[in-house]
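Engineer: Provided below for reference: sequence and predicted model.
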Amino acid sequence: MINIEKIQNRQPFITETEAGVFLVKLKKEFYEQEAVMQASYKFTNTCFIKIDAMEEGYVGIWFKAKLELHVDPELLLCEFCNEVLDQQVRLDLEKRYGTIRDSIYQFAFAPIKDRIEDLDG
Amino acid sequence: MMRNEYSILPFTFKRLPHRKMLMVNQSGEFIFVSSNDFNDLLNNDLSAGSPTYFELKGKHFLADTDLDIAQEMVATQLRSRKSFLRHFSSLHMIVVTARCNFICDYCHASSAALEQQRVDMNWKVAKKTVDLIFSSPSPVLKIEFQGGEPLLNWPIIKEIFHYGTFLNRFAKRQLEFVICTNLTLLTEEMIDFIKEHKIAISTSLDGPKLIQDLHRKTREGYSGYDVFHSNLQRLRERIGHDGASALLTITKTNLSKLQEVIDHYVELGFDGVFLRALNPYGFARQNMEQLGYSVEAFVSEYKNILQYLIELNLQGIPFAEYYTTLLLQRIFTPFSTGFVDLQSPSGAAISGVIYDYNGEVYPTDEARMLARTGDKHFRMGHVLRNNYEEVFGGSLVKELVKKSCIEVLPGCASCVYQAYCGVDPIRNYVETKDIVGHRPSSDFCKKNTMILDHLFQLIDENDPDVIDVFWSWITRRPLEEIRHDKFSRNSP
């Protein structure tokens, strides 16, 4: 059984709300819905997941293991937190440089004659 | 602090142990950087004079004064990677009969008994099939004869060959033929024909006699291996040593004996093997308990055997693993490798297609097998009732393409290995009843991720011996030549 007290002391963002149900609370100021959704998707094989609004400015992600976990829940949920962070980094990059990706695809799939015209200016 | 002026080009990334990051850009170029450099890059704090800055710039992860050129370079490489799209419908597999003289435990196609001649393709269907094939716009047309055991319907193979060759006098495509056979029914007349028309042969070899005969059983109970072995020698004496290649199917039986299997391939003079994991179709699905294994067990053995193959090559025995070679080609070169199972959009239907003996058209052999079990979800049409546009431009093919672009699939869109991997919508459907599938529970995803993790670990370790062997596989050149070239380049 997971030592919640230990976790709460070390990782205050993870709590066990009832037996076998864990909550990760994230600040909306730092994490967007898309990042939370994409990170959560990666854990849908091992856990049932519920995402819901919490008090002002927070989103809660509840996890319940589908079967007996073969990894420490603490480790699993810490990995989730890193995953949300990485997904948010991807979203931030997308906002800053997403148009570059679009123009790369446009150029790559343009008919050859259009490309030659582009290169000729 | 003043921020450096540069633009970041699109890339995916993954955290590695020891505070290291793997980054891969859209054209498939990769780089390992420290977490600190990664953070500096994102915060526009990377020092413009640092080696990491130059490497990131050189590999098109960032651009400063030359953003337009960098975008064009990445776009050109991306275009090369996707060039398989220009060969729309180039691989055409024809099931000339569903009969087979073998009844293998893992057969995808659930073969029919020898006397059931109603499951042979007739000339009417065969002719329309070839007509449909020549409606393809692809400059390359590869016709692969499959079964059952295709040699059981030898007359139709010859008819298709002659008719296809006749049509090609006007169509002028690069036309190739392959027969996928267990070799046991090979006659002198067949060998003459194969030799005269330079038809390639693909066969199956699971290992030495005991292993081969265990799951590849003949209907009449004789040892298939003995006949296979003597016919392989006979064929090679006539058409040359490289005329026949072999496919390995890995079951629980030979998974733990792969070294023995490889030794047997070497003994028989093959120069490579494709380590093909068992797929959950047909008899293999029914017999999974007896034949199957976990992805973890497969990858564990894969790692062991890869090390063994590297050592064999270093000892002067050139022998490649083709799946690894395919992935390495994608990692180290910008070229399209055109492997149906690892394409985005998936190669199902748009690169390869299969015509059943009765004229029904399916995107893959696995889709045909599903139909055999009663699920005709992937039936693209019928050669006697539909024209090329209806078969290849129908709603099914559009759905397959739309829902098999790795760049936008959930779980794949942000994956660091996106540039090297692909989508198997048929397998997704088999596993989840949805062609988009569910990546977190997908064995296909798990297997490819674990294999690519291992390959990138080896690349990061940068052992010159290992990298030289990899390059000899990628370029299909002898190891000594690779090393000689490297030595020459490094000499003053």
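Structural biologist: Looks like it came in fine.
Engineer: and chain A, which residues reach chain B?
Structural biologist: Residues of chain A lying near chain B by Cβ under 8 Å from any Cβ of the partner chain: A:38, A:41-46, A:82, A:86-87, A:89-90, A:92-93, A:96-98, A:100-101, A:103-105, A:107-109, A:119. Quick note: C-beta positions are derived from backbone N, CA and C, even for glycine.
Engineer: quick one: which helix or strand includes B:Thr165?
Structural biologist: When secondary structure is defined using DSSP states H and E, the element that contains B:Thr165 is helix B:154-171.
Engineer: what sits up against that helix?
Structural biologist: Outside of helix B:154-171, the residues that reach it under the criterion Cβ atoms under 8 Å, 6 or more residues apart in numbering or on different chains are B:94, B:96-97, B:120-123, B:126-127, B:129-131, B:133-134, B:141, B:143, B:145, B:150-151, B:175, B:177, B:179, B:190, B:193, B:197, B:199.
Engineer: near chain A too, which of those residues?
Structural biologist: Near chain A, taking Cβ under 8 Å from any Cβ as the test, no member of the contacts of helix B:154-171 is found.
Engineer: Which of those fall within strands?
Structural biologist: With strands identified by DSSP state E, the entries of the contacts of helix B:154-171 that belong to them are B:94, B:141, B:143, B:145, B:175, B:177, B:179.
Engineer: ok, how many other residues are close to the third one?
Structural biologist: This points to B:Ile143. When neighbours are defined as other Cβ atoms under 10 Å in any protein chain shown, B:Ile143 has 22 of them.
Engineer: correct me, but it touches B:Ser136?
Structural biologist: No: assessed by Cβ atoms under 8 Å, B:Ile143 is found out of contact with B:Ser136, at 10.8 Å.
Engineer: circling back: taking the ones in strands among the contacts of helix B:154-171 together, which two end up most distant?
Structural biologist: Taking Cβ to Cβ as the measure, the ones in strands among the contacts of helix B:154-171 span a maximum distance of 15.6 Å, between B:Leu141 and B:Ile179.
Engineer: how about the residues of chain B near chain A?
Structural biologist: By Cβ under 8 Å from any Cβ, the residues of chain B that approach chain A are B:7-13, B:15, B:26, B:42, B:67, B:71-72, B:74-76, B:78-79, B:82, B:410-411, B:413-414, B:438-441.
Engineer: from those residues, which ones fall inside strands?
Structural biologist: Helix and strand membership here follows DSSP E; of the residues of chain B next to chain A, those in strands are B:7-8, B:11-13, B:15.
Engineer: which of those residues tops the neighbour count?
Structural biologist: Neighbour tally across these (other Cβ under 10 Å): the maximum, 24 neighbours, falls on B:Phe11.
Engineer: Now that it has come up, it's in contact with B:Ser27, right?
Structural biologist: No: with contacts counted by Cβ under 8 Å, B:Phe11 stays clear of B:Ser27, the gap being 10.0 Å.
Engineer: pLDDT below threshold where in the stretch 151-300 of chain B?
Structural biologist: Residue ranges of the stretch 151-300 of chain B with pLDDT under 70: B:280-284.
Engineer: Now the residue of it found nearest chain A: closest residue in space, sequence neighbours ignored.
Structural biologist: Scanning the stretch 151-300 of chain B for the residue nearest chain A gives B:Glu296, at 11.5 Å (criterion: Cβ to the nearest Cβ). Excluding its sequence neighbours, the residue lying closest to B:Glu296 (Cβ to Cβ, 6 or more residues apart in numbering or on different chains) is B:Met450, at 7.6 Å.
Engineer: Please list all residues in contact with that neighbour.
Structural biologist: When the contact criterion is Cβ under 8 Å, 6+ apart, the partners of B:Met450 are B:295-296, B:299.
Engineer: pretty sure B:Asp460 contacts B:Phe30?
Structural biologist: No: with contacts counted by Cβ under 8 Å, B:Asp460 stays clear of B:Phe30, the gap being 9.9 Å.
Engineer: So for these two, which residue has more residues nearby?
Structural biologist: B:Phe30 (21 against 13).
Engineer: Quickly list what the more buried one is bridged to.
Structural biologist: Beta bridges link B:Phe30 to B:Val24 when assigned by DSSP bridges.
Engineer: For the residue of the stretch 151-300 of chain B closest to chain A, give its distance to A:Asp72.
Structural biologist: B:Glu296 sits 19 Å away from A:Asp72, going by Cβ to Cβ, to the nearest Å.
Engineer: Could you tell me how many residues sit around residue 72?
Structural biologist: Chain wasn't specified; assuming chain A. Neighbour number of A:Asp72 under other Cβ under 10 Å is 11.
Engineer: My question was about chain B, not that one.
Structural biologist: Residue neighbour count, defined by other Cβ under 10 Å, stands at 18 for B:Glu72.
Engineer: before we move on, what about the one 10 residues further on?
Structural biologist: Taking other Cβ under 10 Å as the criterion, the count of residues near B:Lys82 is 16.
Engineer: picking that back up, if any of the residues of chain A next to chain B are buried, put those into a PyMOL selection.
Structural biologist: Restricted to the buried members of these, where burial is judged by 16 or more other Cβ atoms under 10 Å in any protein chain shown, the PyMOL selection command reads as follows:
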select buried, chain A and resi 38+41+42+43+44+46+86+87+89+90+93+97+100+101+103+104+105+107+108
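Engineer: Good, wrapping up.
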